[in-house]
Every structure is written in C-alpha cells, then in structure tokens.
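Student: Fold the following for me, if possible:
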Amino acid sequence: MTRHLLDICSLSVQELHDIISLSTSPNNKPLAGEGVALIFEKPSNRTRHSMEMAVYQLGGHPVYTRGEEVGLDERESVEDVTRIMAGYHAVIAARVFKHSFVERMAAVSDVPIINMLSDKSHPLQALADVITMQEHCGPVRDLTVAYVGDYNNVARSLGEAVCMMGGTYSLGCPSAYDADEDELERLAALGGVVRQSPDPKVAMAGADVVHTDTWISMGQEEESAIRRKIFRGFCVDEALMKLAAPNAKFMHCMPAHRGEEVSAEIFDGPNSLVIQQGHHRLTAAIGALTWVMEKS
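Tutor: Model prediction:
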C-alpha cells in the first residue's frame, strides 16, 4: 500500500508521533540509490533547501523541477506528469497552488506523494512547528498555542497538529479571514480544545506559544492594500505579547515582514524561535520522507 502525506489530518495520532520520532532518529538510508522529484509551482527558500538536503542525507538524489518546466494542466495533465515521474523516482513531492493537484497525483501514483504546500495545507511546516515546540516548550498536549492573523494553509495544518496532540489552539483572526464554525468543529473533533476571537488580545491571553504568518501570501499581491487595512491591529508586538503567558515563545514560518504581522523587537527578540523553527524544516522533511518510504 502506497502512503501519501497530503494533510496532517490524513494521519492517525500514532502516525503523527511516528513521523516526529523518525524526524529525530531516522532509519539508515531509506532513499539509497533512489531519486525524489521536487516540483515547485511556487518557489521557496526553506522548502527547497530542507527537502534537497533531507533527500541527500537519506541517501537519495533530489531532482528540482520548476513549475513551468512541467506546466501542470497546461503543457501536460497532472496525471500524465505524475505517472511518468513515478517511473523515475521513489517519491514525488510537490509545492502547488491548488490542493486538488496533489490529490490528483495521489490518485494515480504508485509511489508516495508529499505535499510541500498547497492552498489548503502545509503539513511539513506543521511538523517542523510541533518539533520546535516540543523541544523548547514541552509536550504540545500541555500547551496553549495562539495563532494571530489570516486563517490560511499554515494556520490550518498547525491547528490539526496541535489538536491531534491534545493541545489548546487559540485563534485570533479578523472576520472573513477566520475559521468558520464547521472548521472549528472539525479541528476540535481531532482531539484538542479550539477557541477563536476576532480580537487578537483575547486569543493571546495566557498563550505559551504565539504563531503568526504573513498577511499577504504568494498569489494574493493584488489584495495587499485591503489586507493591510483589515489586519491593522493584528501585529504581534510587545504590547500583544505581554498578554501571553510569562516567557511565551514566538514562532513564524517565514518569510516575515517586520512592522506588519510582527514587530522587529519580537521577531528578533530573545523569546523568538523562528530560526530554530526554520532549521527544523530539515528535521521534518527527514521524518516525512523516512515515514512514506517505510509505509510504502
């Protein structure tokens, strides 16, 4: 049976813990002599470097491919690209605009598909976030994790991981950029405690860890002016961080925009874990690749 990693919630709780364990204690060289296709419709610094180095450290050979080189559903269908690449590689990983692309890949592939980011999910980032929190803050089940800003793919995957591990997830998102009631119920059903407020001050209260992300993701550039207006007041600055628990940690998946979603004092401050979090993208990639190879 071929196992894919498209979303955090596609895993069982035990499988989530297994991937985290494999991230820190990988099993030998499961990719020895194998290739891994890395398809990037959306460019990325951390994702490319962490995935290429993870493949290398696990004994494999990464092949980086830009989106325009394959032209998913333009030059060739998603299915045709996937079936051909599956004949060359042990794993196909894709960073795409549409989540339906990785779903379609998984539907026709007999090798594992890993979602490196889609408009719906960012499972590798969530894995890195959990690993970082456990290393510096303790078990996730004992933490209140706040997320302030746009309820996007990063926030969704982070919430899935926190809830599956039994933690409390506190959202502070402006109206129309928040999680709807169905989504809040879905997260809570995964096993954690979920709350949400349009007031970031309420969401921050007592948080052990505070996350945020850019207000303007790739592909949303035309919304820049309106988003900056709507998200004014959601900057994680010193005043907002004072509402969190004493010695609360700050995390950001990067790239960051100091003075917008976070102040420079917080991003570069002593309680910031952003660099450790970025480095754990490599840790997470090692765990994800090892797990899909073991399971497939």
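
Student: so what's Asp150 up against?
Tutor: 173, 177, 213, 215, 217, 227, 231 (C-beta atoms under 8 Å, 6 or more residues apart in numbering). Every C-beta, even on glycine, is put in place using the N, C-alpha and C of the backbone.

Student: who touches the closest residue in space to the last one that isn't next to it in sequence in this structure?
Tutor: When you say that, I think you mean Phe231. Residue nearest to Phe231 in three dimensions, not counting chain neighbours: Trp215, with 4.6 Å by C-beta to C-beta, 6 or more residues apart in numbering. Trp215 makes contacts with 149-150, 227-228, 231, 234, 257, 260-261, as judged by C-beta under 8 Å, 6+ apart.

Student: again, but for Arg83
Tutor: Counting by C-beta under 8 Å, 6+ apart, Arg83 has contacts 108-109.

Student: and the helix or strand containing it, which residues are buried?
Tutor: Per DSSP states H and E, Arg83 falls inside helix 78-86. Counting neighbours by 16 or more other C-beta atoms under 10 Å, one finds that the buried residues in helix 78-86 are 78, 81-82, 85-86.

Student: any idea of the angle the helix or strand following that helix forms with helix 78-86?
Tutor: Going down the chain from helix 78-86, the next helix or strand is strand 91-95, by DSSP H and E. Strand 91-95 and helix 78-86 meet at an angle of 140 degrees, taking axes from the mean of the first three to the mean of the last three C-alpha atoms, to 10 degrees as the criterion.

Student: Now intersect the contacts of Trp215 with the strands, please.
Tutor: Residues of the contacts of Trp215 located in strands (DSSP state E): none.

Student: Now the buried members of these.
Tutor: Counted by 16+ other C-beta under 10 Å, the contacts of Trp215 give 149-150, 227, 231, 234, 260-261 as buried.

Student: mind listing the strands in the stretch 151-296 of the chain by residue range?
Tutor: Secondary structure of the stretch 151-296 of the chain (DSSP state E, counting those that start in this stretch): strands at 168-172, 193-197, 209-212, 249-252.
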